[in-house]
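Asks: can you look at this prediction? I've put the sequence above it.
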Amino acid sequence: MQAKEIIKYLEKRFPQDYAEDFDLPKIGLIVGRDDFEVANILLSLDLSIDVVKEAIEKQANLIVVHHPFFFEPMYKVLLDTEQGAVLKLLLANDISVYAMHTNLDVGLGGVNDVLAELLSIQDVQIDNGTIGKQNYLRYGTIKETTLFALAQFVKKVFHLSGVKVLGDPQQTINKIGVIGGSGAHQNDMERASANGCQVLITGEIKLNNAQYAKHVGLQMIEVNHGIEKFVFYTLKKDLEQDLGLSDRVIVSTIETDPLQIM
């Protein structure tokens, strides 16, 4: 199967129109070409030199990443920089790279749908009621528990060494929301509160936003940004089943999120 056919499938599932405007130049086919037969596909949260080496080892000539490799315009390609070394290795081995970022976050079966399923949220709803741009929040009910017990469950589900918690550990909880990645902006918290969430689970909570959450009575659980990687286990199954790529889709074993709580 040619890369262009796989890309067509991905773009139908996660249209680029779903992406934020700032994302549009950074997603899609970002390195290489699409007119080649795909041997294997490697799915990775980020693109790094170790991820490219893994692709070479596993004979993957197409890498699909979540986080764009080019966050800022690149005016020089210097081979003694990390980006330069990655590009050199990709081109030397004829490996292409396709990126899906905020469109993968909001799309059906994307990051936030997968996280909601892993958290056992029942009757999952989407903020604003429709799939598409800026509708990141997934929310719904869970079996009644305490904030402390919920935090322990979150740690277990996402294989985390720890989480940060805002709120009363003994508070009873039965409605939660989740946003993968960095979802603790003030508007995210306002949307979670407006939809009746008692707890918002997300990453990268800044102090001023935590203070705002406390002010409005929203409890928070901060997780690693890297939990977004769980979407790839679902995407692997979909690619294998829908495109007949059995045993040809690989989820990267490289841990690209270096942060952990001890």
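Replies: Yes, it's here.

Asks: which parts of this protein are helices?
Replies: 3-13, 49-57, 82-92, 102-106, 111-118, 147-157, 186-194, 207-216, 231-243 (DSSP state H).

Asks: list the contacts of residue 145.
Replies: 153, 172, 173, 174 (Cβ atoms under 8 Å, 6 or more residues apart in numbering). All C-beta atoms are positioned from the backbone trio N, CA, C, and that covers glycine.

Asks: how about residue 123?
Replies: Contacts of residue 123 (Cβ under 8 Å, 6+ apart): 140, 141.

Asks: make 16 the starting number, not 1.
Replies: Happy to do that; since the first residue is 16 now, the last one works out to residue 138.

Asks: so how far is residue 236 from it?
Replies: Computed as Cβ to Cβ, to the nearest Å, the residue 138 to residue 236 distance reads 20 Å.

Asks: same thing with residue 79?
Replies: In this structure, residue 79 lies at 28 Å from residue 236, with Cβ to Cβ as the measure.

Asks: re the thing from before, just the buried residues of the contacts of residue 160.
Replies: The neighbour-count test (16 or more other Cβ atoms under 10 Å) marks 168, 188 as buried among the contacts of residue 160.

Asks: in a markdown table: the contacts of residue 160, plus pLDDT.
Replies: Compiled in a markdown table, the contacts of residue 160 are given as follows (pLDDT from 0 to 100):
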| residue | pLDDT |
| --- | --- |
| 168 | 98 |
| 187 | 97 |
| 188 | 97 |
| 189 | 97 |
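
Asks: quick check: the two most widely separated of the contacts of residue 160?
Replies: Using Cβ to Cβ, those reach their maximum pairwise distance at 168 and 187, which is 14.5 Å.

Asks: can you check the pLDDT for residue 147?
Replies: Note for residue 147: predicted pLDDT of 86.

Asks: I'd say it and residue 35 touch.
Replies: No. Taking contact to mean Cβ atoms under 8 Å, the distance of 11.2 Å between residue 147 and residue 35 leaves them out of contact.

Asks: burial measure for residue 272, as a count.
Replies: Residue 272 is flanked by 14 other residues according to other Cβ atoms under 10 Å.

Asks: and the gap between it and residue 250?
Replies: Between residue 272 and residue 250 the distance, using Cβ to Cβ, works out to 18 Å.

Asks: try residue 74
Replies: 19 Å.

Asks: looking at the two, which is more packed in?
Replies: When neighbours are counted by other Cβ under 10 Å, residue 250 comes out ahead of the other of residue 74 and residue 250, with 25 against 12.
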